[in-house]
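prediction below, plus the sequence it came from.
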Amino acid sequence: MFKLKRFVLPAIVLLLPFLSAAQAVIDLNEVIRIGLENNYDLKISRNEQQISDNNLTLGNAGFLPSVGLNSGYSVRENNSDQFPADGGEAVTTRNSVTQTLDAGLNLNWTIFEGFKVQTNYKRLQELKSVGELNTQLAVENFIADISAEYYNYVQQTLRMRNLRQALNLSRERLRIVEARYQIGSLSRLDLQQARVDFNTDSSQLIQQYEVLHSSRILLNEMMGTGNVEQHFMAADTTISFDPMLSKPALYDNMMKVNT
């Protein structure tokens, strides 16, 4: 079992650097820009807002007159036999066709209906405002979510880098322990412990690659790239915090501009 872990895990770990080669580098601004353009949920919100904007017209509210055009066309065919009461000759009519064409134009304009028209227009205005707020809220939530996931991707990238360094140290330690074991300076227990540590670090690195891969898939989904397997590297290599930030100031600004 030891030999299997010793040779299989390092072989997999050695492939990890090549999996991240030749990847596009994007920063947070680019991630947000792509997401705002392609995200399907935002497209739906914008379409709903556009519908509300288009519905806000005087005609839909009832301020303008309504015009109706009616037309009709009918054909009637008659076959008849008439018998006079005095016993005269019967009159027979066959295939008598009557055609009728009519057209009409109706104009309706409600002058006053208890302020119903004004109420309808205000309702359409409110629907337009709600549509704008819903779109703004969707954009704000999306930017917050995709920013959080981007920095999660940065964090997982940093952790993977640290695990690689830890694995390099474990590999070097194992090499030294094996050499000292060969000359009898260390026991077999020390050698086995070094191998366990190396295999543990190898497993953690492979698991971290899966975590990083999942975060990249989620970011691709949020950006709507069309290929969730698309590889990229985050331009940010660290997460910095502004020491000048003030919680009261942030709260006041949020209450002013946040939907």
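That came through, no problem. Numbers count the residues shown, from 1 in each chain.

find the centremost residue of this protein, please.
Nearest to the mean C-alpha position of the chain, counting by C-alpha atoms, centre = their mean, stands N39 at 3.8 Å.

which parts of the stretch 51-200 of the chain are strands?
Here the stretch 51-200 of the chain has its strands, by DSSP state E, counting those that start in this stretch, at 66-82, 91-108.

quickly run through the sheet partners of the shortest one, with directions.
The sheet places strand 66-82 alongside strand 91-108 (antiparallel), with pairing taken from DSSP bridges.

buried ones in the strand it pairs with?
By 16 or more other C-beta atoms under 10 Å, strand 91-108 has no buried positions at all. No exception for glycine: its C-beta is placed from N, CA and C like everyone else's.

so for that strand, mean pLDDT?
Regarding strand 91-108, the rounded mean pLDDT is 75.

return the distance of that strand from the chain's centre.
Strand 91-108 has its C-alpha centroid displaced from the chain centroid by 59 Å (C-alpha atoms, centre = their mean, to the nearest Å).

need the contact partners of that strand.
65-82, 84 (C-beta atoms under 8 Å, 6 or more residues apart in numbering).

hmm, try it at 7 Å
Residues from elsewhere that reach strand 91-108, judged by C-beta atoms under 7 Å, 6 or more residues apart in numbering: 65-82.

what do you get for stretch 131-142?
By C-beta under 7 Å, 6+ apart, stretch 131-142 touches 35-36, 39, 41-42, 45-46, 48-49, 52-53, 258-259.

pull out the buried positions in that stretch.
So, applying 16+ other C-beta under 10 Å, buried residues of stretch 131-142: G131, N134, T135, A138, V139, F142.

against L245, how distant is the third one?
For T135, the distance to L245 under the criterion C-beta to C-beta, to the nearest Å works out to 28 Å.

what do you get for L101?
79 Å.

same check, this time on K256
16 Å.

nearest to N199, of the strands of the stretch 51-200 of the chain?
strand 66-82 (80.4 Å; C-beta to C-beta).

contacts for stretch 163-171, please.
V13, D197, F198, D201, S202, Q204, L205, Q208.

look up phi and psi at S187.
As for S187, its main-chain torsions (degrees, to the nearest 10) stand at phi -90, psi 170.

end-to-end on stretch 228-244?
37 Å (C-alpha to C-alpha, to the nearest Å).

if I look at M244, how far off is L250?
Distance of M244 to L250, given as C-beta to C-beta: 11 Å.

equivalent analysis for T92, please.
Per C-beta to C-beta, T92 is found 99 Å from L250.

just the CA atoms of stretch 155-171, as CSV, please.
The C-alpha trace of stretch 155-171 is given here as CSV (Å, rounded to 0.1, in the frame of the first residue of the first chain):
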residue,chain,number,x,y,z
GLN,A,155,-7.9,32.5,-1.9
GLN,A,156,-8.0,28.9,-3.2
THR,A,157,-5.2,29.7,-5.6
LEU,A,158,-3.0,31.0,-2.8
ARG,A,159,-3.8,27.9,-0.7
MET,A,160,-2.9,25.6,-3.6
ARG,A,161,0.4,27.5,-4.0
ASN,A,162,1.2,27.0,-0.3
LEU,A,163,0.3,23.3,-0.5
ARG,A,164,2.7,22.9,-3.4
GLN,A,165,5.5,24.5,-1.3
ALA,A,166,4.6,22.2,1.6
LEU,A,167,4.8,19.2,-0.8
ASN,A,168,8.2,20.3,-2.0
LEU,A,169,9.4,20.4,1.6
SER,A,170,7.9,17.0,2.3
ARG,A,171,9.6,15.6,-0.8
